[in-house]
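Sequence first, then the predicted structure, then my questions.
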Amino acid sequence: MITIPNQSSVAKAFMEFDGQGRMKPSPYYDRIVDVMEELIKFTLLTRDQAPYLVDRYSERKESADALMARVNAEGQHLLGHMPGEEAK
């Protein structure tokens, strides 16, 4: 699971925008720019890495029943006959 490494909030955000809808220069603005720069950098570092980053053991492991069925099927294949069939 990928999460955003940093975040910020703006107190009374409705007061931080001008008439054109742009955020006014302030420490809040600077902090938002810092967070967005970090998000872009983090995105570039993790892009195309999703298969590795979201790979989870708990989703890969076989259940005991599935494992037993697979092992038995492979064993029967190696012996050259199907279950219930007499060995040649």
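Noted; the coordinates are in hand.

list the buried ones in the lengthiest helix in the chain?
Secondary structure of the chain read by DSSP state H shows that its longest helix is helix 27-46. Along helix 27-46, these residues count as buried under the neighbour rule (16 or more other C-beta atoms under 10 Å): 28, 32. For glycine as for every other residue, the C-beta is placed from the backbone atoms N, C-alpha and C.

per-residue confidence averaged over the next helix or strand after it?
Next in sequence after helix 27-46, counting helices and strands by DSSP states H and E, comes helix 50-53. Confidence for helix 50-53, expressed as mean pLDDT, is 85.

Following element in sequence after helix 50-53, please.
Taking DSSP H and E, what comes next after helix 50-53 is helix 57-60.

And that following helix, what's buried?
So helix 57-60, judged by 16+ other C-beta under 10 Å, has zero buried residues.

list the helices and strands that helix packs on?
Where contact means 3 or more C-beta pairs under 8 Å, 6 or more residues apart in numbering; DSSP states H and E, helix 57-60 is not packed against any helix or strand.

Keeping just the C-alphas, turn it into CSV.
Listed next in CSV are the C-alpha coordinates belonging to helix 57-60 (Å, rounded to 0.1, in the frame of the first residue of the first chain):
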residue,chain,number,x,y,z
TYR,A,57,2.7,-12.5,1.7
SER,A,58,-0.8,-13.0,3.0
GLU,A,59,-2.3,-12.7,-0.5
ARG,A,60,0.4,-15.0,-2.1
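
before we move on, the earlier item: residues contacting the longest helix of the chain, please?
2, 4-8, 10-11, 16, 23, 53 (C-beta atoms under 8 Å, 6 or more residues apart in numbering).
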